[in-house]
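Peer 1: Just need the structure, nothing else, for what follows:
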Amino acid sequence: MDTIWTQPLPDAKGPKYTLVADTIRREIEAGRMPPGSKLPPVRDLAYTLGITPGTVARAYSVLTDQGLLVGEVGRGTFVARPKDDMLVDRPVEIDVIAHGTEHRHDHDVNLFSPHLPTVGQTGLIRDLFRKFADNPPSGLMHYPSRASSRPAREAVLRFLGGAPIGPASAEDVVLTNGGQNAISLILQAVLMGRRPAVLVEELSYPGFRRAAELLRADVVPVKMDAHGIDPRALAAAIRSCDAQILCTSPEVHNPTLICTPLERREQIVEVCRRHDIGILEDDCYGVSQATIPSYRMLAPERSWYVSSISKTITPALRVGFAVAPVGGVAPLRRAAEHGFFGVATPTADLTAMLLSHPRIDGVVDQVRATIGRYVQSAVNILGVYDLSWRSDAPFLWLSLPLGWRAGSFCRAAEAAGVQIRSAEDFAMRSANTPHAVRMAINAGVPMEAFEAALQRLRRLLDEPPERIEV
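Peer 2: Numbering: from 1, shown residues only. So this is what the prediction gives:
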């Protein structure tokens, strides 16, 4: 706080407590005052600013009412921690975990799904909401239309920048309510017949299966190896059913982090062309720019590309986008328009403003850098075990040591205050899954809490149970 004010407040319009509150709010939103930061005592700050203690106390009270600050009796005033399931404060307690040892912890940390750091995007989004409220570009009384969403679709292409997705124009882009909605719309646009089949990797993003099942489609897993989908297994799977599309994540495979090399991608394209099926590429976990051509670049006549801002800016806005094959956008557009008339005009307008803002690239760079620091910390703690990781991906894949099964390890981790996902979550119900777990990067909690959670997992790994659960 000493770096925020070095002299008394200047004369300004409006109450001084508002100026104090607004200054603190900006520092919090910019990430310069992270959760848990302690603010100066009321009298000390009042003396520094040359105002009354009552003015400072009122500013603190306003921010406390807004949930940005929290006062603790006998300790002082602090920047509040997120009020969601990322981090739940509770008294220190002793838990008895699965193999009978005791462990002390004072926080539950959610490593079930990735959480982004706050590095200024919340302040930027608030500013854009205010600007939108004053002058909504598309108004507030019209249905969505291709014309009103065009600025957002153009902004999406600019945001994708150098992503190797092949030739694409704004007409090829359809805005969606998040990446999962994009997957569902593509399947609606593609699947035909009485019993269509959707092919997925044997370990894959569960949303593929859920979207297919909603459309009463069969889901057929395809065997993988160290490079991703096995082309021979893919051909065999296609012949076994009415396969119409392959859903895959070749750039950052969820959950194993495999990046399918170019030669393998070309082999997969050749199989799909020979059997005339489509390819849906989910690139929502592509935090950094890809260097290998996407399937849409390799097979532009049959490949769909999906991404979103959920892993780079914020998941709260539910902004996603699908890029159709060359000349194939019409059925995708119909699926969106017939299903919900298109993304709401305020969402489209905000997307255009956000993705075109000169600060957004810096925000994304800071998100990437912060995730990289959390990944490095995780590797330092758990790297002695069979850990797969990438500095540009917000999760890790851990093959468990002898003595641990995935289900029992997840239960022991939860008892120790850490939520993680079993390999079973990414496989068909009847599959034989590896004894492995996925741990997401939670950069929404302080590094100390994240590291403490991983240390608890490390202690579990170091002391496997004597008896394997059956």
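Peer 1: Give the helix, strand or coil label for Leu203.
Peer 2: Under DSSP: H, G, I helix; E, B strand; the rest coil, Leu203 falls in the coil class.
Peer 1: which ones are touching it?
Peer 2: By CB atoms under 8 Å, 6 or more residues apart in numbering, the contact list for Leu203 reads 224, 253, 255-256, 423, 426-427, 433-434. In this view, the C-beta of every residue, glycine as well, is placed from N, C-alpha and C.
Peer 1: If we use 10 Å, what do you get?
Peer 2: By CB atoms under 10 Å, 6 or more residues apart in numbering, Leu203 lies in contact with 221, 224, 253-256, 258, 397, 423-428, 431, 433-434, 436, 438.
Peer 1: Weed out the non-buried ones from the residues you listed.
Peer 2: For the contacts of Leu203, a burial check counting by 16 or more other CB atoms under 10 Å picks out 221, 224, 253-256, 258, 397, 423-428, 433, 436, 438.
Peer 1: So what does the closest residue to Val79 other than its chain neighbours look like in phi/psi?
Peer 2: Distances taken as CB to CB, 6 or more residues apart in numbering put Ser37 closest to Val79, at 4.4 Å, once the chain neighbours are dropped. Dihedral pair for Ser37: phi -60, psi 140, per degrees, to the nearest 10.
Peer 1: Hmm, Ser37 is touching Val70, no?
Peer 2: No. Under the criterion of CB atoms under 10 Å, Ser37 is not in contact with Val70, lying 11.1 Å apart.
Peer 1: got any residues that touch both of those two?
Peer 2: Joint contacts of Ser37 and Val70 (CB under 10 Å, 6+ apart) are 77-80.
Peer 1: most neighbours, which of those?
Peer 2: The most crowded member of the shared contacts of Ser37 and Val70, judged by other CB atoms under 10 Å, is Thr77 (22 neighbours).
Peer 1: part of a helix, is Ser113?
Peer 2: No. With three-state DSSP as the criterion, Ser113 is located in coil rather than a helix.
Peer 1: Who are the contact partners of it?
Peer 2: 85-86, 310, 315, 394-395, 419, 421, 438, 440-442.
Peer 1: Can you say which two of those residues are spatially most distant?
Peer 2: The two members of the contacts of Ser113 with the most space between them (CB to CB) are Ser310 and Gln419, at 18.7 Å.
Peer 1: burial measure for Asp282, as a count.
Peer 2: Neighbourhood size, Asp282 [other CB under 10 Å]: 28.
Peer 1: just Arg232 next, same as before
Peer 2: Arg232, neighbours per other CB under 10 Å, totals 11.
Peer 1: host element of it?
Peer 2: Using DSSP states H and E, Arg232 maps to helix 231-239.
Peer 1: how about that helix: buried residues?
Peer 2: Buried residues in helix 231-239 (16+ other CB under 10 Å): 231, 233-235, 237-238.
Peer 1: So the residue most central in space within the chain, which state does it fall into?
Peer 2: Among the residues of the chain, the one closest to the centroid is Lys311, at 3.3 Å (CA atoms, centre = their mean). The three-state assignment at Lys311 reads coil, by three-state DSSP.
Peer 1: thought it was touching Cys284?
Peer 2: Yes. At 5.9 Å, Lys311 counts as touching Cys284 under the criterion of CB under 10 Å.
Peer 1: Pull up the overlap in contacts between those two.
Peer 2: Common neighbours of Lys311 and Cys284 (CB under 10 Å, 6+ apart) are 179, 252.
Peer 1: on that earlier part again, Ser310 and Gln419: which has the busier surroundings?
Peer 2: More crowded of Ser310 and Gln419, by other CB under 10 Å: Ser310, with 21 against 18.
Peer 1: Pull the contacting residues for the nearest residue to Gly166 once chain neighbours are set aside.
Peer 2: Nearest-residue entry for Gly166: Met297, 3.8 Å, with adjacent residues in sequence omitted and distances by CB to CB, 6+ apart. By CB under 10 Å, 6+ apart, Met297 lies in contact with 163-168, 265, 281, 290, 303, 305.
Peer 1: between those residues, which is closest to Gly328?
Peer 2: Ser303 (9.4 Å).
Peer 1: Any idea how many residues pack against that closest one?
Peer 2: 26.
Peer 1: Confidence-wise, which helix or strand of the protein is lowest on average?
Peer 2: When each helix and strand of the chain is scored by mean pLDDT, DSSP states H and E, strand 87-96 comes last, with a mean of 36.
Peer 1: Okay, helices next: where are they in the stretch 301-450 of the chain?
Peer 2: 329-340, 345-355, 360-382, 406-415, 447-462 (DSSP state H, counting those that start in this stretch).
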